[in-house]
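Novice: give me a 3D structure for the following:
(3 chains)
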Amino acid sequence: MLVIRNLDVKFNVNGTSVHAVNGISYDISPGQSMGIVGESGSGKSVSAMAIMGLLPSSAQINGDIRFHGQSLRSLPEDHYRKIRGKKIGYIFQNPLAALNPVFTIANQMIETIQLHHDLSKDTARELAIDLLNKVKIVDAGRRIDDYPHQFSLGMCQRIMIAMTLSMKPELLIADEPTASLDVTTQKEILELMDELKEEYNMAMMFISHDLAVVSERCDTVGVMHLGHMVEMGTPKDIFTSPKNEYTKTLIDAIPKISF
Amino acid sequence: MYMDPTVSQNDLEQVRKNLGLDQPLLIQYVLWLKQLLQGNLGYSYVTGKPVIQAILERLPATLLLSITSLIMILLITFPLGLLCGYKKDTWVDDSITIISFLGLSIPTFWLGLMFILFFSLQLDWFPTSGFLDPMLLDASWVQKALNILTHMMLPLLTIIIGGVAGLIRYNRFSMIKILAQDYIASARARGLTERRILFKHALKNALLPIITILGLDLPSLISGSFIIEYIFSWPGMGQLGVQAVFQRDYPILMATIFFSSILIILGNLLADVSYAYADPRISRPSNGDAA
Amino acid sequence: MTPKLWFSISFLGGLAIMAILIPLLPWDPNAINPQAMPQPPSWRHWFGTDDLGRDIFLRSLYGARISLMVGFVSVGISLLIGVTIGLLSGFIGGLVDAIIMRLLDVLMALPTLFLILMVQVTLEPSIFNVMVVIGVTSWMGMARLVRAEVLSIKERAFVTACRSRGLPEKTVLFKHILPHTLNPVIVAAMLGMGGAILVESVLSFLGLGVQPPHASWGNMLENSLGFLRDAPWMALIPGILITLTVLSLNFLGDGLWLLLDPKAKENHVSHS
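Specialist: Got it, this is the predicted structure:
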């Protein structure tokens, strides 16, 4: 479904060239979940943004990005827009920042729903409330008229998930979705995402710095370091026989609790 | 103070005593405050008429000019600043930036003079000064209004250019910051059109800082309009004040400063209240829910 | 080095050099030529002459001396006051800071130009009190800037390190914190110079600044009023000079800001 070949992204920052993504390749099949692990600066977010076509115009992109066989890089903007959200969804790291602070949740969700479906405002609102219930927002019917800052971070992420789900994308890219959350909330959100992935039969690209979290739920794991994909395989393979030095350090870095 | 040189020394002393000018400056100021609190603004040294009357006569003209220019400034700065921030570093942005710098650097009184030179004297499109053609005193409502409008064009233009130049940089800057926010990227990622993102999501957020900046800029806008009123002989409070400066008419002066400070404070208050109303983070504080 | 910066530095540099050197030449800018009429710019008189036959180019250079001097001195004064108050307010904090800030709010809400007019009318207008008055009424913005910088620097590790070495508070403030506050101050100073020059021109235009026959761009403009129709160059030239000078200062200030403030680049640098 999604085929990446030799994706290469360079930025020109103040005269120096930054090689953010250095020739990475991977495939994602329908319903599959792929995890991408790496530290800050490894290029994982940049590569995801490249797939969405949301990199600034100063970025130089090379390589092949194909979705259902169609090359995304050569798509004109209005076609690309139809893919964003509807086919490929994106969840951001900081959920509060990803919501517009001056509009209500209702306003933002209804806007998204009406963009992708031909529904009246009232029907869209009902759908939004349903989705909020699905992601376990309490008292959704009333709270939908609140503003983002009136929710906790965990709830904001649920709202983001609900909003993305309203578009029923085939592929969901989650960029460090739980990095801003505390540990208990993190667990809840991850469980929620697992349930929904099953229910909606979405493919997922899970980006994280946390190898453990990724390995728990992904079919394939790719390790990125300084723009390169240094290793790729099933979680079992990676853990039992890591081939790359960097992968080994990542594995070692996972705190082991023993008594 | 203007005085008749034939007035005798004794009479002079008497006048001084009457006006309370023989007291030290501080006492005079306290006396003025006391009178102010009683609603008495004193009498003009020059005309002898009550100051409050002079001020009230002039207030409408000043308000007309100030409020119109404020609205026009907002209407012009906002879209231009948005445009600049959106098309950052393109030729559109660069040229508008240079023009705004120019607008900031031109002395406003000279700009006013140049407008008079060009549009009035050379082209004869607008009258050089004043408020209403004295020959139209009996004319119809509409005719009068139109005439006032032509008189207002040049001073309005002068104020607007300075005001826009000052504000547009801030607006552009806040627009750039807004466009870099996650919620904009998130909106894009959901497939929203650029138009909707700009005109709905970015715009409302950009409204907030401009209200604050306008409030902060108010004192200089008002000071500047005084000089412009003077240059164009626009019969407002500013012109009254500048004339009073030259005539050393202190009661008028004190009252002018007082009123303009009030206008400024009111303006700031309005800005604060509007901001609190417009920004939901202030109007509806978070109630700290659990996850 | 953008074209804007090139222009600014060349213009200001050239102007300053000419302004400094001009008194060395024997020509008197105030020399009246009794039978002269205003003449348009020509090879003999590069900027033309005014109604009293005085060469405008020469008077413009003398006017430049005034403007540049006013710029420097008034900004110097407002720097002195503003930086000191900003440093103290930010450093001492607490009640002192709160009081000073409220005072600043009040002062900044006053129509300063108008107040300056009042002061000038009460005193004998001269270039000296123009500079002092402008300096004394424009330090507030500077103080705010410095205070903000001090507040953010105060909490940094190196300040605590200084204290733990037992350095007296005064040294910590002036020797260690002060240098770091200077970035926005330099920029504000450049912009402040432009502002000061504009204010001086208004004052001289109204007769409350530099008194004739001494040339100042402002009073040259006042002089040109009666000749707007017949000798427009008398009004055009001083105004253009003021505009270009202030423009150059603004460009410089803006350029310096981009240079000095690391956050000013406003680049989108994507995260990993």
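Novice: show me what contacts the closest residue to chain A within the stretch 51-200 of chain C?
Specialist: Using C-beta to the nearest C-beta, the single residue of the stretch 51-200 of chain C nearest to chain A is C:N183, 18.3 Å away. Heads up, the C-betas are built off the backbone N, CA and C, glycines and all. Residues near C:N183 by C-beta atoms under 8 Å, 6 or more residues apart in numbering or on different chains: C:149, C:260-261.
Novice: likewise for B:E194?
Specialist: Here B:E194 is in contact with B:R188 (C-beta under 8 Å, 6+ apart).
Novice: and if you look at B:L132?
Specialist: By C-beta under 8 Å, 6+ apart, the residues touching B:L132 are B:144, B:147-148, B:151.
Novice: before we move on, which element is B:I265 in?
Specialist: Element membership for B:I265 (DSSP states H and E) is helix B:250-278.
Novice: what is that helix packed up against?
Specialist: helix B:25-37, helix B:51-86, helix B:203-231, helix B:237-247, helix B:280-283, helix C:112-122 (3 or more C-beta pairs under 8 Å, 6 or more residues apart in numbering or on different chains; DSSP states H and E).
Novice: could you list the buried residues of the shortest one?
Specialist: Under the neighbour-count criterion of 16 or more other C-beta atoms under 10 Å in any protein chain shown, helix B:280-283 has B:P280 buried.
Novice: what about it, average pLDDT?
Specialist: The average pLDDT for helix B:280-283 rounds to 79.
Novice: what helices or strands is it leaning on?
Specialist: helix B:250-278.
Novice: now with 6 Å?
Specialist: When contacts are defined as 3 or more C-beta pairs under 6 Å, 6 or more residues apart in numbering or on different chains; DSSP states H and E, helix B:280-283 packs onto no helix or strand at all.
Novice: hmm, who's touching that helix?
Specialist: Applying C-beta atoms under 6 Å, 6 or more residues apart in numbering or on different chains, the contact partners of helix B:280-283 are A:101-102, A:147, A:149, B:276-277.
Novice: distance between that helix and the chain's centre?
Specialist: Distance of helix B:280-283 from the chain centroid (C-alpha atoms, centre = their mean, to the nearest Å) equals 28 Å.
Novice: over to the second one?
Specialist: Centroid displacement of helix B:51-86 relative to its chain, using C-alpha atoms, centre = their mean, is 6 Å.
Novice: check which helices and strands it is in contact with.
Specialist: Short answer (3+ C-beta pairs under 6 Å, 6+ apart): helix B:51-86 packs on helix B:141-179, helix B:237-247, helix B:250-278.
Novice: so which of those helices gets nearest B:I71?
Specialist: helix B:141-179 (9.9 Å; C-beta to C-beta).
Novice: and the closest one, what's buried?
Specialist: Neighbour counts using 16+ other C-beta under 10 Å place B:147-148, B:151-152, B:154-176, B:178-179 of helix B:141-179 among the buried residues.
Novice: ok, back up a step: in TSV: the helices and strands packed on helix B:51-86, plus distance to A:R125.
Specialist: Converted to TSV, those look like this (distance: least, C-beta to C-beta, whole Å):
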stretch	distance to A:R125
helix B:141-179	27
helix B:237-247	52
helix B:250-278	24
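Novice: if I look at A:L165, how far off is B:P155?
Specialist: Distance, A:L165 to B:P155, using C-beta to C-beta, to the nearest Å: 58 Å.
Novice: and what of C:M118?
Specialist: 23 Å.
Novice: kindly report the same for A:L132.
Specialist: 55 Å.
Novice: JSON lines for the contacts of B:L132, including pLDDT?
Specialist: What follows is the contacts of B:L132, written out as JSON lines (pLDDT from 0 to 100):
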{"residue": "B:K144", "pLDDT": "80"}
{"residue": "B:N147", "pLDDT": "83"}
{"residue": "B:I148", "pLDDT": "84"}
{"residue": "B:H151", "pLDDT": "85"}
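Novice: out of these, which is nearest to chain A?
Specialist: The closest of the contacts of B:L132, once distances to chain A are taken by C-beta to the nearest C-beta, is B:I148, at 38.8 Å.
Novice: got the contact list for that closest one?
Specialist: Per C-beta under 6 Å, 6+ apart, neighbours of B:I148: B:L132.
Novice: got it, and A:G31?
Specialist: Contact analysis of A:G31 by C-beta under 6 Å, 6+ apart lists A:201, A:203.
Novice: give me the pLDDT for the closest residue to chain B within the stretch 101-250 of chain A.
Specialist: In the stretch 101-250 of chain A, the residue that lies nearest chain B is A:G154 (3.2 Å; C-beta to the nearest C-beta). On pLDDT, A:G154 comes in at 89.
Novice: B:P24 now?
Specialist: Per-residue confidence (pLDDT) for B:P24: 62.
Novice: return the distance of the longest helix belonging to chain C from the chain's centre.
Specialist: Identified as the longest helix of chain C according to DSSP state H is helix C:56-92. Helix C:56-92 has its average C-alpha position 5 Å from the chain's average C-alpha position, going by C-alpha atoms, centre = their mean.
Novice: spatially central residue for the chain, please.
Specialist: The chain I'm using is chain A. For chain A, A:A174 is the residue whose C-alpha lies nearest the centre (C-alpha atoms, centre = their mean; 1.7 Å).
Novice: not quite, I wanted chain C
Specialist: Geometric centre of chain C, nearest residue: C:M193, 1.4 Å, by C-alpha atoms, centre = their mean.
Novice: okay, buried residues for the helix or strand where it lies please.
Specialist: Counting by DSSP H and E, the element that carries C:M193 is helix C:178-205. Neighbour counts over helix C:178-205 (16+ other C-beta under 10 Å) mark C:178, C:181, C:183-205 as buried.
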